[in-house]
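> Model the structure of this input:
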Amino acid sequence: MTDIDTSITHITSENGNIFEDLGFSTQEANKLKIKSQLMCQISEWIKEKQLKQEEASHLLHVTRPRVSDIMRGKSGKFTIDALVDMLERTGKHVTVQVR
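Take a look at the predicted model:
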């Protein structure tokens, strides 16, 4: 058996940005965090409604592979605008808060 270090060396704070901790620039980390939050909301909606990907694609006005990309967290395939549009189609409303 090999000795693999499984100890936790860093924990991102609740208000922190894991993408910054992973080495992304602040600007890129902020975009990734926003995309992640939007994608999680869409994914949770699909699961709550117990929709198949094909059904979700019709309701979101996207292709089934796009729904699959959301469910798999492939944020690089989406713009923030596209994700906001999809969330609006779920009946949820996106607000922006600037700090």
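
> Can you give the contact residues for stretch 75-90?
31-32, 34-36, 38-39, 41-42, 45, 59-62, 66, 69-70, 93-94 (Cβ atoms under 8 Å, 6 or more residues apart in numbering). (C-beta placed from N, C-alpha, C; glycine too.)

> actually stretch 92-99, not the one I typed
Contacts of stretch 92-99 (Cβ under 8 Å, 6+ apart): Leu38, Gln41, Trp45, Val84, Leu87, Glu88.

> For it, what is the distance to the chain centroid?
Stretch 92-99 sits 15 Å away from the centroid of its parent chain (Cα atoms, centre = their mean, to the nearest Å).

> Mind listing what's buried along that stretch?
For stretch 92-99, the neighbour count (16 or more other Cβ atoms under 10 Å) marks no residue as buried.

> And the average pLDDT for that stretch is what?
The average pLDDT within stretch 92-99 is 87.

> what about His58, helix or strand, and which?
In the assignment (DSSP states H and E), His58 maps to helix 53-60.

> following that helix, which helix or strand shows up next?
Immediately after helix 53-60, counting by DSSP H and E, sits helix 64-71.

> just checking, what packs against that following helix?
For helix 64-71, the packing partners by 3 or more Cβ pairs under 8 Å, 6 or more residues apart in numbering; DSSP states H and E come out as helix 26-48, helix 53-60.

> Confidence-wise, which of these is weakest overall?
helix 26-48 (a mean of 94).
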